Structure formats: C-alpha cells, structure tokens
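Visitor: here you go, sequence then predicted model.
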Amino acid sequence: MLMPVASQLPLRIARGGSLKQNTRPGIAPILKWAGGKSQLLDLLVPMVPKDYGTYIEPFVGGGALFFAVIPERAIIADSNPDLIAFYLAVRDDVDGVIAAVQRWKTDEKSFYRVRDLDPLKLSLAVRAARTLYLNRTCFNGLYRVNKSGTFNVPYGGYKNPRICDEAGLRAASRALATATILNEDYLTVLKRHAKAGDFVFLDPPYAPVGKFADFKRYTKEQFHRHDHETLAAEVRRLQALGCSVVLTNSDTPYTRKLYAGFDLATVKTRRSINCHGDKRQGEDLIVRIEPSQEVLLPDDLSPRVEDYPSTRFMGSKEKLLADIWAVASRLPGSRVLDLFSGSGAVSYMFKAQGKAVVSNDYMAFSSTLTRAMVENNSTRLSTSDVDFLTHGRATNRFVRDTFRGLYFSDADNLFIDLVRSRIAELNDEMKQSVARAALIRACMKKRARGIFTYVGVRYDDGRRDMQLSLRQHYKEAVQLINDSIFDNGQRHVALNLDVSQVEVDADIVYVDPPYYSPLSDNDYVRRYHFVEGLARDWGGVEIQGHTKTKKFKTYGSPFSTLEGAKRGFDDIFRRYANSAIIVSYSSNSLPNRETILRLLRKYKAHVEVVPVEHRYSFGNQGHKIGNANNKVSEYLFVAT
C-alpha cells in the first residue's frame, strides 16, 4: 500500500474500509453517551461487512461502533454541534483539549461556572474540553438541551470523577485522523455521500417506549414520529442504492412495522438514563439490511460542475465529464487521485460529485488552478483584495521588459507586473493561489486559442475576448473563480509533482496523460510556457532568449516517445494495482488500444473499454485541426 509522503501532503489519505480487528484493535468510546452501543458491540461488530467502501455513521453520538472498528475510511456526523466540535478538536488538537480540561475543578460551583460558558465564544479546543468536562461531571453523562439549544443537565455529584484519560484521548485522535467529521443532518449526509458498496450504521434517537418517554433531545430540534418514518424510507433508498445498513432502535410494534421485511433481532439492554437503577432494563431492536441486487442508476452530474470556469486547454475533458462520471459512479470509494489534472475540469467534477480529491499535475499552472478551485473550500478574494491587486505601481517590470511586443500590449504587460507584485504581498497563501489562478485565466482568455506558440495577434477575429483589456479579463476571472469555490465536506489537495513522485493511496485513480503521436509533439510547456512562468514567477527556469517566443526548456516526460509512454503506463498501473483505474486516451494516439489493454491486464482482473465519440476543438496534430478526422473515439479504460 502506498502511503502519502508527509512533507508533500497536508492531510492523511488512506484507503479501504475493511474491518481489521487483528491488526487494528478497537478502543473504548471517549464520552459517556446515553444510548451508547458499547454493550451491543459483540453483536454489531460481526455485522460490519468484511469489505466495504466507506463507513458512514450519521448519528455518531458516542461512536462506540466506530471506535470498535476504527475504519480507515469513514464519514461520521451528527446534528449536535458541540459533539462534532469535540471530535474535530480531538482529531486536530488533542493536546489543546487535554491542557484545557485539566484546568477545571470538579466541585459543584466549578461545574455550573463551566456549564454557563458560551461554547460559541470559546476556541475549538476549549469548547471540546467543556463538552468532555460536562459529560464526566453532569448527571449520568446525559446530553440534553432546552428549546434554545442550551445545555441544562444538572451536576452529577460524583466523587473524584475521571475527567481526562490522556491515553484514551490520544488513541481516539489517531482513530479519527482519517475520518471526515460533519455537523449535518443525517439525510444531508446520506444523500450527499452514500454510494453503492458503503456500510451505513444508523443509531437514531429512539422511538419512545412509554407514554412519558422523551429521550430525543440531543439538540434543540426534536426527532418525532414523522422523522422515524422518513428514516425508514431512507433505509430503503440506501438498500436500493447498494449499501449495507445496520440500524438500532427501541423494540416496539411501531418500529417493527417500519422495518417489516428486514432481518430483525431483539436484544435486552441496560439503560443508563433512568434515575432508578431497577428500571434501567429495555429491549433494543437491531435491523440488518442487505444491499439490493438491483442497483440504482447513477445520478446525473451535479449542477456544481457547470461552475468551473471553462478554458481552451488542449486535451481538456470538459465535454466528456458526463461520460467519465457514468463510468466512475459505478466504482466504490470516496477518494480520487487525478494524476494529470490539466485544465482541472475532471478534478472539479469529482469534487462536485462529493469525492475527496487529490489533484496532481507536473505543470505548475495546472496545479495552481486546482489549488484555487479544488483544494480550496472557502477562501475567496474580497472587493478590497481585488482593489489592492489591481491598483498601484508594479515593483518590477519583468514581464513588460522580457515579453514586450510578443503577446500583450505594454499596458497589459504592466498590469500583469502589477498583479504579480501585489500577489506576493498578500499574507494568505490560498488567496495568493486564487489571485494567481485568475491572472492565468485572464492571460489565456486574452490569447486566441489560449496558447503562446506564436507572437502577435495572428488569430484575432474580433471576438470579445480579444477586445477586453487584461484588467477587465482579470476582474471577470476573479468573479468566476470566487463563484466556483465550495465545500463538499471533504478535504482535498493539489500537487505539482512529476507522476513518478506521487505517493498517494486512493480508491479511484484517473489517468489522462499527454497523448503521444508520431505526427506531432505533446509539449505542454511549449504551448503554455507564459502562464507556466506566471505560476512559478519564472523561478527555477531559464528563458531561452534566442527563441522568438522567449519560452524555456521543456520538462522531461516519459510520454514524449512511444516506448516511454508504454513504460509510463506500466509504472502507473503497477503502482496503483490496488485501486480502480480509469484511463482516458485517444484512438489516434499511441500506444494503441490493444497495448493499453495488455498493460492493464498485467495487474487488473477486470478491464473494459468504453469508446466515446468526441471532437477536439483543437489538437496536437496540426493537419487535423478543422478537419473531419479531428473527430476521434476517446477510449475510457476501466480496470478493477
């Protein structure tokens, strides 16, 4: 298994959701939780499938099953904001949580002083410490809020309660390290993230057993009869989708009717919330739902896909996104690695479809685009940022002096120099990426066909893009990029590495390398050297001053020769043999279809080819541009 290199990735990316009791023993929950499932683990753990895509638990509560299984790929969620803030802090700042909780005494006066703290005014670590403290010192560890959302459980009066189990907290931090943790309604989580092959554990607030039962106030929003009926309908949707589901609830005629037809088991349990110990007996219903043999057809592309700013990038798959998704949606797993991101359209599509995306390209400008719009979940340029970037004087005139008379007017060149110098003064690295991505897009839009292999205005046909100034293009690009930024609840990363240096494990690996043809080159540096220079601020490159276009030396690529392309494909297929692989390649490129199939079958048991008719707007074979022969079959190789 390939693991990420810590120095290259700011997050942990792991694969697989299989239960590994022998190699990864579970741990005890770190919170006392009314309705927790610790006493049912001997029954629940064997119900977790041996192999599954993602572990999803949208009513996580105390997380007894999650901590018993410790899945490598998981989504846990709850509508309780304090609970989710607690798990986030334990995952990301366990030392801060431990330090904060150790400051408080456990007497009654201290309890009410801590209870009265406004959690929304606390840091994440202190808020989590407050949750842990109240959980260990309140009556029976109960979490209950009033209709205003204020925690109102009284003091428990315990002698010497153990507030801080440092070893347990640190173990929980490790268990949570690869989990996606969401503060969302269960329906939102399931509809956005559940896919065929996933395992879903549902432990909702229980249906009341007695006339006065009211064990449902985890949050200020209650869980009523119609909510249980909605949940039962969602369980049937998950079954049809192809998920394995286990659900727990109180054993009543009502709940048995809701889940009639499924595998039902009754278990006697001990309740922990009744103040009378002799009344703490009950019966739980465990419902087991196997996935349907009839799997639902994949959903259409999310409307979000349309938000990605279009570019005239050679080989862009923008028009093939629906075909790529039709193939990818059949594959289990939530983490996607896009090895050659290019325009970024495919990486963005996977993000829009709810995946966690690692986007890589050996071209720095491609990586800049995906960092701004794929890795970035929330950072935008404000009006004041744009004013700062577009007004003033450039601190140097490198572009004006180096590329004068080649691609843009003096005024446009000076504007590029101004924005370049201003970007360096921004104190937020993600804002720098957004600002630089907008400048790259503006320069490509201002150039006919978006390339820099010619000088002057050879292809100026009077269209709007040719008439706008760089300043106007830049402001439009900022708005488009700002509008494209969203958070799908996953963490993403954009890399700028040679493909041989990428060490990331993923469920699905998408491979769209430069297409080799003996009739022309596939040199992206030659076509895009100017915006590549912008992305790097021309650092680490040597401009070839004798050339008409002032390009710099191309990067080495195995896909520049036929034998190199064969070796490159073989190396990728070997390294990602444990992942599902999707390859995009053209019918008029080499290696041919049969060779790629043979290489894939060295490592994968099941390989299929999906041909898609496609016409490129411009290509790397000059004699075919504008020619009917530019209509080719795009092959999508799918290997599992």
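Guide: Yep, that arrived.

Visitor: okay, CA-based contacts and neighbour counts for the rest of this
Guide: OK.

Visitor: okay but Ala125 is in contact with Ile84, surely?
Guide: No - at 11.9 Å, Ala125 and Ile84 do not qualify as touching, with contact defined as Cα atoms under 8 Å.

Visitor: those two: who's more crowded?
Guide: For Ala125 and Ile84, the more surrounded residue by other Cα atoms under 10 Å is Ala125, and the numbers stand at 25 against 21.

Visitor: doesn't that one fall inside a helix?
Guide: Yes - under DSSP: H, G, I helix; E, B strand; the rest coil, Ala125 falls within a helix.

Visitor: distance check, the nearest residue to it once chain neighbours are set aside against Arg464.
Guide: Of all residues beyond its chain neighbours, the one nearest Ala125 is Val97 (4.7 Å), with distances taken as Cα to Cα, 6 or more residues apart in numbering. Val97 sits 56 Å away from Arg464 when distances are taken as Cα to Cα, to the nearest Å.

Visitor: next: Asn146.
Guide: Using Cα to Cα, one gets 59 Å for the distance from Asn146 to Arg464.

Visitor: of these two, which one has the most company?
Guide: Regarding Asn146 and Arg464, a neighbour count based on other Cα under 10 Å identifies Asn146 as having more, with 14 against 9.

Visitor: hmm, Ala356 and Thr180 touching each other?
Guide: No - judged on Cα under 8 Å, Thr180 makes no contact with Ala356 at a distance of 9.7 Å.

Visitor: adjacent strands (with direction) for the helix or strand bottoming out on mean pLDDT in the chain?
Guide: Of all the helices and strands that make up the chain, strand 607-615 has the lowest average by mean pLDDT, DSSP states H and E, namely a mean of 75. Partners of strand 607-615 in the sheet, by DSSP bridges, are strand 631-639 (antiparallel).

Visitor: need phi/psi at Asp284.
Guide: Here the main-chain torsion angles of Asp284 (degrees, to the nearest 10) amount to phi -100, psi 150.

Visitor: for Leu120, that is, sorry about that
Guide: In this entry, Leu120 is assigned phi and psi values of phi -70, psi -10 (degrees, to the nearest 10).

Visitor: what sits against it?
Guide: Each residue near Leu120 by Cα atoms under 8 Å, 6 or more residues apart in numbering is listed here: Arg127.

Visitor: so it versus Tyr524, what's the distance?
Guide: Separation of Leu120 from Tyr524 (Cα to Cα) stands at 50 Å.

Visitor: also Gly405?
Guide: 22 Å.

Visitor: okay, those two: which has more neighbours?
Guide: A count of neighbours by other Cα under 10 Å puts Tyr524 above the other of Gly405 and Tyr524, at 18 against 13.

Visitor: quick one: pLDDT of that one?
Guide: Residue-level confidence at Tyr524 comes out at 90, pLDDT.

Visitor: test my guess that Arg601 contacts Thr595.
Guide: No - the pair Arg601 and Thr595 fails to qualify as a contact (Cα under 8 Å) at a distance of 9.9 Å.

Visitor: and the two? Which one has more around it.
Guide: Set Arg601 next to Thr595 and count neighbours by other Cα under 10 Å: Arg601 wins out with 15 against 12.

Visitor: where does the chain dip in pLDDT?
Guide: Confidence mapping of the chain against pLDDT under 70 gives the ranges 1-25, 210-222, 270-282, 293-299, 459-462, 614-632.

Visitor: which parts of it are strands?
Guide: Listed in chain order, the strands of the chain (DSSP state E) span 55-57, 74-77, 179-182, 199-202, 244-250, 263-270, 281-289, 335-338, 356-360, 493-495, 508-511, 580-586, 607-615, 631-639.

Visitor: and those strands as JSON lines, adding distance to Val153?
Guide: Conversion of the strands of the chain to JSON lines gives the following (distance: least, Cα to Cα, whole Å):
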{"stretch": "strand 55-57", "distance to Val153": "26"}
{"stretch": "strand 74-77", "distance to Val153": "23"}
{"stretch": "strand 179-182", "distance to Val153": "25"}
{"stretch": "strand 199-202", "distance to Val153": "25"}
{"stretch": "strand 244-250", "distance to Val153": "23"}
{"stretch": "strand 263-270", "distance to Val153": "21"}
{"stretch": "strand 281-289", "distance to Val153": "22"}
{"stretch": "strand 335-338", "distance to Val153": "40"}
{"stretch": "strand 356-360", "distance to Val153": "38"}
{"stretch": "strand 493-495", "distance to Val153": "42"}
{"stretch": "strand 508-511", "distance to Val153": "46"}
{"stretch": "strand 580-586", "distance to Val153": "49"}
{"stretch": "strand 607-615", "distance to Val153": "58"}
{"stretch": "strand 631-639", "distance to Val153": "55"}
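
Visitor: out of the ones you listed, which is closest to Ala322?
Guide: strand 607-615 (10.8 Å; Cα to Cα).

Visitor: distance from that closest one to the middle of the chain?
Guide: Between the mean C-alpha location of strand 607-615 and the chain-wide mean there is a distance of 27 Å, by Cα atoms, centre = their mean, to the nearest Å.

Visitor: and that strand with strand 580-586, angle?
Guide: 40 degrees (axes from the mean of the first three to the mean of the last three Cα atoms, to 10 degrees).

Visitor: need the nearest residue in space to Met349, chain neighbours excluded.
Guide: With sequence-adjacent residues excluded and distances taken as Cα to Cα, 6+ apart, Met349 is closest to Val305, at 5.4 Å.

Visitor: so this protein: which segments form each domain?
Guide: Structural domains of the chain, as assigned by automatic domain parsing, span the residue ranges 38-152+162-289, 311-378+485-522+557-640, 380-484+528-539.

Visitor: any idea which of these is most buried?
Guide: For the domains of the chain, the largest average neighbour count (mean count of other Cα atoms under 10 Å) is found in domain 311-378+485-522+557-640, namely a mean of 20.

Visitor: and that domain, how far apart are its ends?
Guide: End-to-end distance (Cα to Cα), domain 311-378+485-522+557-640: 32 Å.

Visitor: chain center to it: distance?
Guide: 18 Å.

Visitor: and if you look at stretch 146-160?
Guide: Between the mean C-alpha position of stretch 146-160 and that of its chain there is a distance of 37 Å (Cα atoms, centre = their mean).

Visitor: next: stretch 179-192.
Guide: 13 Å.

Visitor: residues making contact with it?
Guide: Around stretch 179-192, the neighbours that count as contacts under Cα under 8 Å, 6+ apart are 58-59, 72-81, 84, 87-88, 234, 354, 489-490.

Visitor: tell me where the stretch 201-350 of the chain has helices.
Guide: Listed from the start of the chain, the stretch 201-350 of the chain has helices (DSSP state H, counting those that start in this stretch) covering 225-241, 253-258, 321-328, 345-352.
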